[in-house]
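In: Next input, structure requested:
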Amino acid sequence: MFLLKLLTISMLFAYSSCGSAENGKTAKSGGFMDKSELKSKLTAEQFSVTQLCGTEPPFKNAYWDNHEEGIYVDVVSGEPLFSSKDKFNSGTGWPSFTKPFFPSSVAEYDDNSAGMTRTEVKSLLAKSHLGHLFPDGPAPTGLRYCINSASLEFIKSTDLEKQGYGHYAYLFSNKNPNSQTAFFAGGCFWGVEKLFEQVKGVIDAESGYIGGHVKNPDYESVCSGETGHAEAVKVVFDPSMTSYSELLNLFFRLHDPTTKNRQHNDIGTQYRSAIFYLTPQQQKEAIEMKSRFDRESTLKRKSVTEIVPAGAFYSAEQYHQDYLKKNPNGYFCHIVRDKL
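Out: A predicted model of the protein is given here:
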């Protein structure tokens, strides 16, 4: 009886518009995407849901009854939103989750469009309309994130590596790896890679692209600024030899985190200062280190560093890897300060 009542209430509001529509553009990390551009990228239903606050029919959508292991990402930006581990059958005909991937993965807004106040849910970066949040979910949260399939792309656990999300494979593995992963963007990735590789305890540093909305970008497209990606470095480290906090400290000292979308002569969103976190603990430590920098900085300016969830990471072309080892006299614009 409860599920029947829940379904009736959900369907009553299924086709009402949301209360905080965007005007003409959709926010994404590193810039904005025009609605006209999105129309060519998305299906008509995906565009209606994510941009016009539409709602798809219950029981007639891609993921309401999906039981495979994996993660659900924003269909516009690819940012991680929900995990299959938090999905449950609400009986409403839409994918339902007890919590988002990270507490900060989604943004909540008051929606008064249906003659009552509801909580609309949007993605953090792309600001895609996802659905609504209700206080009638199961334990442990008691919450129900009622989400449209059309706003999501599902990445199976077996496809995470292939799709650029291999750094989340640990969620679906019984292995307890000794290594951890971190992502940093601080200008040209050649210098950032070189400096992290010199840290005792760093197993590997790899140049690549992260934070954008285009799959499989290349160097030329990233340099255009149109993909939204940042030049970044994937750092794999042994936490018994160096901590994430120590890596953060180096990150804030090896570049100028107070210049927006610029490092020295390199200008553009691809050169922005950013930390892409993989766990709530990494997010917490990154925020703490940024606050410490703002208090103690020898640069006497506040940082503009983004702290956002890690989406898909794409390895840069082979000639970018270990570039400064291959070209010792190559372009190197990073100087490590002794203090923050």
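In: Alpha carbons of stretch 133-143, as CSV, please.
Out: Extracted in CSV, the C-alpha atoms of stretch 133-143 (Å, rounded to 0.1, in the frame of the first residue of the first chain):
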residue,chain,number,x,y,z
LEU,A,133,15.0,14.2,-3.2
PHE,A,134,12.4,12.8,-0.9
PRO,A,135,12.6,11.9,2.8
ASP,A,136,11.0,8.4,2.4
GLY,A,137,14.0,6.2,1.6
PRO,A,138,15.3,3.2,3.5
ALA,A,139,18.0,3.1,6.2
PRO,A,140,20.6,4.1,6.7
THR,A,141,20.0,7.6,5.2
GLY,A,142,16.2,7.6,5.1
LEU,A,143,16.5,9.4,1.8
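In: oh, and call the first residue 29 from now on, that's how I've got it
Out: New numbering, starting at 29: the last item is stretch 161-171.
In: May I see the buried residues of that stretch?
Out: For stretch 161-171, a neighbour-count test (16 or more other CB atoms under 10 Å) marks 161-162, 165, 171 as buried. For the C-beta atoms, the positions are set from N, CA and C on the backbone; glycine is no exception.
In: can you tell me which of those residues lies nearest to Ser76?
Out: The closest of those to Ser76 turns out to be Leu161 (CB to CB; 20.4 Å).
In: neighbouring contacts of the helix or strand harbouring that closest one?
Out: Using DSSP states H and E, Leu161 maps to strand 157-162. Outside of strand 157-162, the residues that reach it under the criterion CB atoms under 8 Å, 6 or more residues apart in numbering are 41, 46, 77-83, 109, 122, 134, 136, 139, 146-151, 171-176, 179-180.
In: Only whichever of those residues are buried, select them in ChimeraX.
Out: Buried subset of the contacts of strand 157-162, written as a ChimeraX selection, criterion 16+ other CB under 10 Å:
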select :41,46,77,78,79,81,82,83,109,122,134,139,146,147,148,149,150,151,171,172,173,174,175,176,179,180
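In: Give the next helix or strand downstream of the strand holding Leu161.
Out: Next helix or strand after strand 157-162 toward the C-terminus (DSSP H and E): strand 172-175.
In: Give the other helices and strands that that following strand contacts.
Out: Secondary-structure packing of strand 172-175 (3 or more CB pairs under 8 Å, 6 or more residues apart in numbering; DSSP states H and E): strand 108-111, strand 124-125, strand 157-162.
In: Among the contacts of strand 157-162, which lie within strands?
Out: 109, 134, 136, 139, 146-151, 172-175, 180 (DSSP state E).
In: Buried residues of the helix ranked longest in the chain, list them for me.
Out: Longest helix in the chain, counting residues (DSSP state H): helix 308-324. Residues 310-311, 313-314, 317-318, 321-322 are the ones in helix 308-324 that count as buried (16+ other CB under 10 Å).
In: Parallel or antiparallel, list what pairs with the helix or strand following that helix.
Out: Proceeding N to C from helix 308-324, the next assigned helix or strand is strand 334-337, under DSSP H and E. Strand 334-337 pairs in its sheet with strand 301-305 (parallel), by DSSP bridges.
In: any idea of the angle the strand it pairs with forms with helix 308-324?
Out: Here the directions of strand 301-305 and helix 308-324 differ by 150 degrees (axes from the mean of the first three to the mean of the last three CA atoms, to 10 degrees).
In: for strand 301-305, which positions count as buried?
Out: Within strand 301-305, the residues scored as buried using 16+ other CB under 10 Å are 301-305.
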